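**Q** Structure for the following, please:
(chains A and B)
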Number of protein chains: 2
Amino acid sequence: MADSRQFVPLAEACPPFFVGVDVGGTNIKIGVVDDLGRPLNATHIATQVEKGPQAAVARAGEAVRKVVSEAGLEWGAIARVGLGTPGTMDVPRGILLEPGNLPGWWNFPIRDALSQATGAGVTFGNDAGAAAYGEFWVGSGRVLHSMVMFTLGTGVGGGIIIGDLSVEGENSAGSELGHMIIDCNDNARLCSCGKTGHLEAYASASSVVKRTHEVLRGGRPSSLADRTAACEELTALMIDEEAERGDALALEIVLDTARYLGIGITSAMHAIDPQGVVIGGAMTFGQHTTATGRRFLERVKEEVGRRAFPFLAQRTAIDYASLGGDAGFIGAAGLARRAYLLQKT
Amino acid sequence: MADSRQFVPLAEACPPFFVGVDVGGTNIKIGVVDDLGRPLNATHIATQVEKGPQAAVARAGEAVRKVVSEAGLEWGAIARVGLGTPGTMDVPRGILLEPGNLPGWWNFPIRDALSQATGAGVTFGNDAGAAAYGEFWVGSGRVLHSMVMFTLGTGVGGGIIIGDLSVEGENSAGSELGHMIIDCNDNARLCSCGKTGHLEAYASASSVVKRTHEVLRGGRPSSLADRTAACEELTALMIDEEAERGDALALEIVLDTARYLGIGITSAMHAIDPQGVVIGGAMTFGQHTTATGRRFLERVKEEVGRRAFPFLAQRTAIDYASLGGDAGFIGAAGLARRAYLLQKT
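**A** Coordinates of the predicted model:
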């Protein structure tokens, strides 16, 4: 199923072309982009994790071919394919190691499998790193020389780009910014990874829901209490909605989340000193389009102002991502383009 | 005054040669090293901060010439000079901005001043970054492809090297790992930079002394209490000595410091995923040569094991630096060599 977003017409597109494949626990997003990072066509298929990686890669290979032909392109016009997946992984060897979001896909050589399925060279990387590269290439980081990205979803992902280098790490675990420690105390929150005090345990959608449940159990009145009493499942989206409607508790949770994120951003700023910080992912509270999103960003900046060297707080641009859910496949295509241009395989 | 360390004899040294200048609040260390990073000669002069940067640079220029001629080298054999100073600074412009340790030296164009004083091209960088580069080049990081270094002194400095790239940051404030936040709570400790919860407020020598005073005020018996009662000034060195002599409180302070450092190291590991972590600076409790130093390192690793992804904790080498106080000038010379080889000015 082709998505209904704005695509660049083939007549205006600039070769060479690249395909990006963004594998998630639910969907695989696939798109073809031109040399300027503009999508010509895109689609998504269900991951169907339970059917295993071979089947998924085979279906992804078909979808890649289809998305290219539906864009009006010959397959030969595709210079290279980019692939982003959740970790853990071994990037140089092209292997998924033990990705928590993809049970049953462990130790699978996904890069070479996709290369065989498509007949193209494949550049492989971490999904959050790919999304960061997409924002760096053509998104809200396109004016930056170096950039740190935080991706707020079920977990907290990260990406670090310095110059044109995406920081992969020696064990393909670089830029795991959600696992920086923000609370060293014994009563710190437990992270999804099993360790304590990590940023993700405070600023992820899962943490937001958990923190809200804790406050609601205290009996504080809130429209969230009414909705959960009516058997709705509490989600970050619901908290966002009620914050936007003026619920005090919901807004407090949102702004606390911003405070924690600001702390993580400060640590990343002092470690990397990037030109800018980009905040993306599904849980960005409507970004600039809602009052909640604007207050969230404002609160993030306030906390950075409280915590960071003043000249860094002044000079470092902090803003939302601009590519939305397309960042992953655009960035994967961008990393493929980078490898193609630099003549590495 | 030449130092009494082991120098490589001129007959065995490999050209080209480089001079490193490491400016501190008390001393300026100067050394000439060969292409393999081995010192041929070294010296130090008093910084005399109060007499201003022009006078210090003039004296440093003379000392540079002298250290080279005493090594038996013609000045023409020196390919380039490296200069490390405390920040804040503007590396691309070669200017000290507002270095806290060098009052009265603000907004001084130190790189070009040293270049004029010596007649050589000068490569300029942060002192902690230079020390990290020294360890990376020829110290305990010499086998590593990427490295994070923590420098424990009055403050906590940092260095990040990825591939051969020293992470300077967009505002010359990169690798300030002492200012990553480890405690997000309202009662977090105040850092020397004026902000709260930073690693430096927990793991620096100043913090160690402060934390010890707090415990001693509680009336706990300790040989430290006896020595301070006898009007000795409490220092990190005294705490080290008493820990080594078996004082329980002193050892507890040392191991708490290790715990905090392990937390900071974990954040850096998750952000950068370096091949190894190096711990240097004046406050390393005797490193491998004392029981306290060995227990300190062991405790750091334990904390990383508790906090980091298990496969990272297993794979990431953590060890002490090996160049001692020479790391700064050797690393500054190394950065000069890097610039010379890469033909950048």
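**Q** What segments of the stretch 151-300 of chain A are strands?
**A** A:156-162, A:165-166, A:276-280 (DSSP state E, counting those that start in this stretch).
**Q** Describe which strands the shortest one pairs with in its sheet and in which direction.
**A** According to DSSP bridges, strand A:165-166 forms sheet pairs with strand A:156-162 (antiparallel).
**Q** The partner strand vs strand A:276-280, what angle?
**A** 150 degrees (axes from the mean of the first three to the mean of the last three CA atoms, to 10 degrees).
**Q** Dump strand A:156-162 to CSV, restricted to CA.
**A** The C-alpha atoms that make up strand A:156-162 are tabulated as CSV, following Å, rounded to 0.1, in the frame of the first residue of the first chain:
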residue,chain,number,x,y,z
VAL,A,156,14.6,6.5,24.0
GLY,A,157,16.9,6.1,21.0
GLY,A,158,19.8,8.3,20.0
GLY,A,159,22.0,9.3,17.2
ILE,A,160,25.3,11.3,17.1
ILE,A,161,26.7,12.7,13.9
ILE,A,162,30.0,14.6,13.9
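**Q** That strand - what's its average pLDDT?
**A** When pLDDT is averaged along strand A:156-162, the result is 96.
**Q** cool, stretch A:319-338 as well?
**A** On average, stretch A:319-338 scores 97.
**Q** Any idea which residue of the stretch 1-150 of chain A lies closest to chain B?
**A** The minimum distance from the stretch 1-150 of chain A to chain B, using CB to the nearest CB, falls at A:Ser146 (5.8 Å). Placement of C-beta: from N, CA and C, glycine included.
**Q** Give me the distance between that residue and B:Phe309.
**A** 25 Å (CB to CB, to the nearest Å).
**Q** for A:Arg294, same thing?
**A** A:Arg294 is 35 Å from B:Phe309, by CB to CB.
**Q** okay, these two: which has more neighbours?
**A** B:Phe309 (22 against 15; other CB atoms under 10 Å in any protein chain shown).
**Q** Return the backbone torsion pair for the closest residue to A:Pro99 other than its chain neighbours.
**A** Taking CB to CB, 6 or more residues apart in numbering or on different chains, and ignoring the residues beside it in sequence, A:Pro99 has A:Pro86 as its nearest neighbour in space, at 4.7 Å. Dihedral angles phi and psi of A:Pro86 (degrees, to the nearest 10) take the values phi -70, psi 160.
**Q** for A:Gly31, same thing?
**A** Torsion angles, degrees, to the nearest 10, at A:Gly31: phi -150, psi 150.
**Q** which SS class is the closest residue to it other than its chain neighbours?
**A** The shortest distance from A:Gly31 to any non-neighbouring residue, by CB to CB, 6+ apart, is to A:Ala42 (3.4 Å). Per DSSP: H, G, I helix; E, B strand; the rest coil, the local secondary structure of A:Ala42 is strand.
**Q** Equivalent analysis for A:Phe7, please.
**A** coil.
**Q** and it, what does it touch?
**A** A:Arg38, A:Pro39, A:Leu40, A:Asn41, A:Ala42, A:Ala71 (CB atoms under 8 Å, 6 or more residues apart in numbering or on different chains).
**Q** distance of A:Thr196 from chain B?
**A** 7 Å (CB to the nearest CB, to the nearest Å).
**Q** My guess is that residue contacts A:Ile182. True?
**A** No - counting by CB atoms under 8 Å, A:Ile182 is not a contact partner of A:Thr196; they are 10.7 Å apart.
**Q** ok, which stretches of chain A are helices?
**A** Along chain A, the segments classed as helices by DSSP state H run A:53-70, A:110-118, A:127-138, A:200-203, A:205-217, A:223-229, A:236-244, A:248-272, A:291-307, A:310-315, A:327-341.
**Q** most tightly surrounded among those?
**A** Mean neighbour count, computed with mean count of other CB atoms under 10 Å in any protein chain shown, is highest for helix A:127-138 among those, reaching a mean of 29.
**Q** That one and chain B in contact?
**A** No - for a cut-off given as CB under 8 Å from any CB of the partner chain, helix A:127-138 has no contacts with chain B; the smallest distance is 11.2 Å.
**Q** That helix to strand A:156-162, inter-axis angle?
**A** 50 degrees.
**Q** quick one: helix A:127-138 to helix A:327-341, angle?
**A** Using the same axes, to 10 degrees: helix A:127-138 against helix A:327-341 is 70 degrees.
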